[in-house]
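1. everything below, folded, please.
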Amino acid sequence: MDVLVKHMREAGLPVEVKIEGEPQPLPPGVDLSAYRIVQEALTNTLKHAGPATAFVTIRYASNKLELEIRDTGKNQTQEDSLEKKGRGLIGMRERVTLHGGEFFARGIPGVGFIVRVTLPLRGQVVR
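-> Just a heads-up that it's a prediction; the model follows:
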């Protein structure tokens, strides 16, 4: 995740990252999905939000991983119309669904855009 954040900053997107809970090894599929979701959300911010700051929160719990990616950008379009412009949000939702998780993404007037994801870890085997 550090390299991703570094690249986004180099591209001109200020990014703040907060880790909550005790980091733990994740099942490979969950780990890759989490990375790709954060990557896509930050890329969307870079492309669509205009001047903005992105905030990434990663919450570790014993049975789930929660991600929240929000920005302070000007893009306050609702999820459905954003999906018509590209596959980014659809791809994020598909990754979450693959793991039986929960997905939420919305433009919030006066605030920016937020993506919230919960990826369950129950029944997952860490190798």
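
2. residues in contact with E68?
-> Residues counted as contacts of E68 (Cβ atoms under 8 Å, 6 or more residues apart in numbering) are F55, V56, T57, R59, I114, V115, R116, V117. Every residue, glycine included, has its C-beta placed from N, CA and C.

3. run me through the strand neighbours of the host helix or strand of it, direction for each.
-> Counting by DSSP states H and E, the element that carries E68 is strand 64-71. Strand 64-71 has the following strand partners under DSSP bridges: strand 54-60 (antiparallel), strand 112-120 (antiparallel).

4. and among those strands, the most buried is which?
-> strand 112-120 (a mean of 21; mean count of other Cβ atoms under 10 Å).

5. what's the spacing between the nearest residue to R70 once chain neighbours are set aside and M1?
-> Among residues not flanking R70 along the chain, I114 sits closest, at 4.1 Å (Cβ to Cβ, 6 or more residues apart in numbering). As judged by Cβ to Cβ, to the nearest Å, I114 and M1 stand 19 Å apart.

6. check S62 too.
-> Using Cβ to Cβ, S62 is found at 21 Å from M1.

7. higher neighbour count, those two?
-> Set S62 next to M1 and count neighbours by other Cβ atoms under 10 Å: M1 wins out with 14 against 9.

8. quick check: the more buried one touching R36?
-> No. The criterion here is Cβ atoms under 8 Å, and M1 misses it with R36 at 11.3 Å.

9. still on that earlier bit, hey, what's the residue nearest to R70 bridged with?
-> Under DSSP bridges, the residues paired with I114 across the bridge are R70, R106.
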